[in-house]
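Novice: Would you be able to build a 3D model of this:
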Amino acid sequence: MRPSPRCAAAASTAPRCSFPDRLRPDPRHVACATSKTVRRRELDFSGALPRSEPAEGDREIHVKTDAQLKADVTDELAWDPAVDGSHIGVMVKDGVVTLAGHLDSFAEKHAAERAVRRVAGVRALALDLEVKPPAGQERSDSDIALAATAALRLNTLVPLGKVKVKVENGWVTLTGEVDWSYQYATAEQCIRPLAGVRGLFNRITIRPRVDGHDIGEEITAALTRQAIREARHIDIKVEGAVVTLSGKVHSMAEHDAAVGVAFSTQGVAHVVDHLQVAG
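Specialist: Predicted structure coming up:
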């Protein structure tokens with residue numbers, strides 16, 4: 001018996017369980033029936049419904065259980081070639097992910113953190129990872145300091161002579177003052193891949209730039225321009241060169257993007273992060 005057009009239309013608009021392509025979850029963990037489902041109306045920055053959705057429709061957001069989230073985090077760590085997931089234990093409680101174990105390098109620890117932040121549904125992350133260089137690859141503090149100084153000097157994005165290095169028990173501390181946030185970030189990137197580094201304290205400051213422009217408006221415009229979904233729900237307060245972000249976002253990726261936009265805005269020396277990840 002051929003279904004009526006009305007039934008066919010109803011079937012075609014029935015909500016289906018979907019995931020971003022990049023997550024590629026194991027089919028065993030895709031269980032819409034066991035997911036908690038929250039229905040909300042998705043709005044764009046102007047307050048209008050997205051054109052891709054019917055005006056009368058609501059988008060379903062499937063909130064992962066802790067078991068599903070743990071499986072996704074484990075799969076993401078296994079997928080990332082820069083991480084040896086066999087040395088990392090994953091624990092999840094109420095959307096908060098904890099990684100425990102030991103890794104061969106500080107670069108691998110950073111890669112593990114980035115991998116977890118890519119996973120949808122992660123509300124917060126705790127790192128209980130210890131860096132233990134393999135036998136024969138240990139470096140003295142003097143060797144690390146020499147390598148770090150050379151790496152900073154050879155990187156054209158780091159102003160020459162503006163960043164100082166101190167090393168103690170494999171932990172590198174960077175100090176100094178630079179003009180831009182990208183210089184701050186680049187200095188940190190120079191240190192991560194160095195052999196023997198166990199951790200990093202970035203205490204570089206950014207010189208405030210007072211030129212009368214509206215920092216808050218520039219941050220809001222950049223958030224909207226870069227299509228950060230929750231831009232209109234983020235509250236921005238500016239006091240001199242210090243920006244405070246508060247409100248709710250729906251993923252660690254959105255959280256990191258919002259903080260990154262604020263930190264990259266001209267005139268911002270420090271970002272106070274009060275954003276909450278709703279999951």
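Novice: Return the list of strands paired to the helix or strand Thr98 falls within, each annotated with direction.
Specialist: For Thr98, the enclosing helix or strand under DSSP states H and E is strand 96-103. Here strand 96-103 has these sheet partners by DSSP bridges: strand 88-93 (antiparallel), strand 124-131 (parallel).
Novice: Excluding chain neighbours, what is closest to His87?
Specialist: Gly101 (4.8 Å; Cβ to Cβ, 6 or more residues apart in numbering). Where you see a C-beta, it was placed from the backbone N, CA and C, and this is true even at glycine.
Novice: Would you enumerate the residues in contact with that neighbour?
Specialist: The contact partners of Gly101, taken as Cβ atoms under 8 Å, 6 or more residues apart in numbering, are 87-89, 128-130.
Novice: where in this structure is pLDDT low?
Specialist: Counting by pLDDT under 70, the chain has low-confidence residues at 1-62, 209-213, 227-230, 279.
Novice: show me where it has helices.
Specialist: Remark: helices of the chain, listed N- to C-terminal, are 5-12, 66-79, 106-118, 141-154, 181-191, 215-225, 252-264; assignment by DSSP state H.
Novice: List the buried residues of the fourth one.
Specialist: By neighbour count on 16 or more other Cβ atoms under 10 Å, the buried set for helix 141-154 is 144-145, 147-148, 151-152.
Novice: Generate TSV for the strands paired with strand 96-103, with distance to Val158 as supplementary columns.
Specialist: Supplementary listing: the strands paired with strand 96-103 in TSV, determined by distance: least, Cβ to Cβ, whole Å:
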stretch	distance to Val158
strand 88-93	31
strand 124-131	23
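Novice: Looking at those, spot the one closest to Ser105.
Specialist: Evaluated with Cβ to Cβ, those place strand 124-131 nearest to Ser105, the distance being 6.4 Å.
Novice: follow-up on the earlier one: which stretch among the strands paired with strand 96-103 is buried most, on average?
Specialist: Of all these, strand 88-93 carries the top mean neighbour count, a mean of 17, counting by mean count of other Cβ atoms under 10 Å.
Novice: So what angle separates the directions of that strand and helix 106-118?
Specialist: Regarding strand 88-93 and helix 106-118, their directions subtend 30 degrees when assessed with axes from the mean of the first three to the mean of the last three Cα atoms, to 10 degrees.
Novice: tell me the angle strand 88-93 makes with helix 66-79.
Specialist: For strand 88-93 against helix 66-79, the angle by the same axes, to 10 degrees is 160 degrees.
Novice: Who is the residue nearest to His87 paired with across the strands?
Specialist: Under the criterion used (DSSP bridges), Gly101 bridges to Ile88, Leu129.
Novice: likewise Leu174?
Specialist: Beta bridges link Leu174 to Val165, Asn202 when assigned by DSSP bridges.
Novice: which one of the contacts of Gly101 is nearest Thr186?
Specialist: Comparing these against Thr186 with Cβ to Cβ picks out Leu129 as the nearest, at 23.7 Å.
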